[in-house]
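Structure of the sequence below:
(one chain, ligands or ions: 1)
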Amino acid sequence: MKISRNTVVSLSFTVTDLEGQVLDRTKPGEPMVALIGYDNLIEGLEKALDGHEKGDEFSVVVNPSEAYGEVNESLIQEVDKSMFGDFALEVGQVFEAESTHGPVPVIVKEIKDNTVIVDANHPFAGKALNFLVVIDDVREATEEEKKHGHAHPDGHCPSEEHHHCCHHHDGDGEHHCCHKHDGEGEHHCCHEHDGEGEHHCCHEHDGEGEHHCCHEHDEEHEAH
Ligand code: ZN
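Numbering: from 1, shown residues only. Model (predicted):
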């Protein structure tokens, strides 16, 4: 079966920048599973996958315009260090800042005496990405997957599992969250409610390149 809209593809990939530095890769035996035709993958990768079938192996360079876009300078901001409280900041840490458009991950670029430069651009913004792709499997999407617009690995809807971090605000403006430790990664977290009622969270990548998020309801902070 060839890859086209309404197929579900399992693929393993390594993505590097043009200098050959590895930016991301799937783990052995844990391919990425995606429903094609619903913007689940970056545009350039979906285009490149089209027509391929199980067993194919190819590489493709995707330009920023069909990947994560160009760097937006206005998303790089200098903020007061005090908004991070006494959290031990390090360059490269990723925080999740609440915005009017929902949670936005921001990376710590530079730490100065009293301020911190944070960048809300996607880490791959402005980068041409070189994908080395192996197609592990291609199958027809189920009706349910087409309705949801995403793949259901092993037949389960990922958004119905408490596997990934999810959070929402209830009517009272309370912040609720659930998450699950995967048993192999560490979770680091820092929460600060600033005067504006903003909620900040940090993400860290472990050595495996896994992205972990930890949200905990902090009664003390809620009291502020
Ligand atoms: Zn679903």
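
tell me which parts of this structure are close to the ion?
Residues of the chain lying close to the ion (C-beta under 5 Å from the ion) are 148, 157. Every residue, glycine included, has its C-beta placed from N, CA and C.

any chance you could map the strands in the chain?
Assigned strands in the chain, in chain order: 7-16, 22-25, 32-35, 57-62, 76-80, 94-99, 102-111, 115-119, 129-140, 166-169, 175-178, 192-193, 199-205, 211-213 (criterion: DSSP state E).

Please name every helix or strand in contact with the first one.
Using 3 or more C-beta pairs under 8 Å, 6 or more residues apart in numbering; DSSP states H and E as the contact test, the elements touching strand 7-16 are strand 22-25, strand 32-35, strand 129-140.

helices or strands next to the second one in the packing?
I take that to be strand 32-35. If you count contacts as 3+ C-beta pairs under 8 Å, 6+ apart, strand 32-35 packs onto strand 7-16.

ok, now with 10 Å
Counting contacts by 3 or more C-beta pairs under 10 Å, 6 or more residues apart in numbering; DSSP states H and E, strand 32-35 packs against strand 7-16, helix 43-49, strand 129-140, helix 143-148.

and that strand, how far out from the chain's middle?
Distance of strand 32-35 from its chain centroid, counting by C-alpha atoms, centre = their mean, to the nearest Å, is 14 Å.

For it, output the C-alpha coordinates as CSV.
Extracted in CSV, the C-alpha atoms of strand 32-35 (Å, rounded to 0.1, in the frame of the first residue of the first chain):
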residue,chain,number,x,y,z
MET,A,32,6.3,7.5,15.0
VAL,A,33,2.7,6.7,13.9
ALA,A,34,0.9,9.3,12.0
LEU,A,35,-2.4,9.7,10.1
